[in-house]
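build me a structure from this.
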Amino acid sequence: MSKTMIPQNYTPALNLYDTQRAIGTVKRLFADTLCATLNLYRVSAPLFLEASTGLNDDLNGVERKVTFDIRDSGIEAQVVQSLAKWKRKALKDYGFRVGKGLYCDMNAIRRDEELDNLHSVYVDQWDWERVITADQRTLEFLQETVRDIVDAVCATSDELRWKFPELKNNIHLGREVAFITTQELEDRYPDFTPKQRENAFAKEHGTVCIMQIGGRLKSGQPHDGRAPDYDDWTLNCDILFWHKPLDCALELSSMGIRVDADALRRQLDAAGCPQRAELPFHKLLLDGTLPLTMGGGIGQSRLCMLLLGKAHVGEVQVSLWDDATVQACRNSGVELL
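Below is the predicted model of the structure:
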């Protein structure tokens, strides 16, 4: 049974041709604005990584990676799930200094993703990473960066609505960000699931940042899973916008200040995988070879959904869908790319 739900009376503001034009506009405008705001430079990114390096990400720790062998070299390779660890090593390899960073177009396959209006097995995002100082490893600096990213989103939206007047009455984003920790969120909505808490808070505030994701809460459960070896669970966050077409919170970005050596040891122990400290990437981090960084991913298709007022991610990206999803969209007049 399809998990896709198309709202009654939903009508896309743009036809297929103008949707494609608008997608290109969003991607150009936002990338330029983000680079100028965060002092980032574009680099090329890998589509796959050698499995033995530990550079690929484990996300929530349970997703199966797409793995294949390379005949001539005998190397086992994995399609990337995200580039959080690769970016940190790249900053060191490329000689980036404090205050400067990189971004890349990251394309991934997440084969275990549950397909619905917001989720696809194909992931496309801007992955960015920036070198910081030890003094900047604070919630205050995290919040400052979140506000910069939200400003870039809103500036892109303003320009897009000027270029496509059909969107003027549909899209209204709030620049003011409401910050809350996952523990504060649990305390506020103790009888809700984590997703219900996010929806309730985002519906009330519009643009929200949920901080400190990964560690166990007072209830004994984490708000959501996070791999232990890239974000510092006390200094990370998700950025969400209330998405009126679906009447739900839309997560646009997962980001954070990355682990230092102490946080890495602590989180590997908490996750029950201290043996990862012997992987090449982790050794570089523990011996101080890698710089202190912060970074994240910003969904390209998610941003297009948000700014174009779309009800299904398949309206703004090409992917594969089950028959039930295709039929549900067809019955509602939604054209998948």
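
where do the strands sit along the stretch 101-250 of the chain?
Counting by DSSP state E, counting those that start in this stretch, residue ranges of the strands within the stretch 101-250 of the chain are 101-109, 122-131, 178-181, 207-211, 231-243, 248-258.

setting aside sequence neighbours, what's the nearest residue to residue 237?
Excluding its sequence neighbours, the residue lying closest to residue 237 (Cβ to Cβ, 6 or more residues apart in numbering) is residue 211, at 4.3 Å. (Glycine included, C-beta is placed from N, CA and C.)

beta partners for the one you found?
residue 181, residue 237 (DSSP bridges).

residues near it, how many?
23 (other Cβ atoms under 10 Å).

quick check: it vs residue 233, distance?
Distance, residue 211 to residue 233, using Cβ to Cβ, to the nearest Å: 10 Å.

ditto for residue 87
Taking Cβ to Cβ, one finds residue 87 at 19 Å from residue 233.

the more surrounded of the two?
Neighbour count, other Cβ under 10 Å: between residue 87 and residue 233, residue 87 has more, with 27 against 22.

pretty sure the more buried one is in contact with residue 104, am I right?
Yes. Residue 87 is within contact range of residue 104, at 7.4 Å (criterion: Cβ atoms under 8 Å).

who's in contact with the residue lying closest to residue 133 once chain neighbours are set aside?
Of all residues not flanking residue 133 in the chain, residue 98 sits nearest, at 5.7 Å (Cβ to Cβ, 6+ apart). Residues near residue 98 by Cβ atoms under 8 Å, 6 or more residues apart in numbering: 131, 132, 133, 291.

element containing residue 98?
Counting by DSSP states H and E, no helix or strand carries residue 98.

quick check on it: phi, psi?
phi -60, psi 130 (degrees, to the nearest 10).

now do it against residue 39, distance only.
10 Å.

then residue 7?
Distance from residue 7 to residue 39, by Cβ to Cβ: 40 Å.

same deal with residue 301?
On the measure of Cβ to Cβ, residue 301 and residue 39 end up 25 Å apart.

pick out whichever of the two has more residues nearby.
Of the pair residue 301 and residue 39, residue 301 is the one with more neighbours under other Cβ under 10 Å, namely 24 against 12.

which non-adjacent residue is nearest that one?
residue 317 (4.2 Å).

residues contacting that neighbour?
By Cβ under 8 Å, 6+ apart, the neighbours of residue 317 are 120, 122, 124, 300, 301, 304, 337.

wait, residue 37 sits on residue 152?
Yes. Applying Cβ under 8 Å as the test, residue 37 and residue 152 come out as touching, 5.1 Å apart.

if anything else comes up later, I'll come back, but that's it for now.
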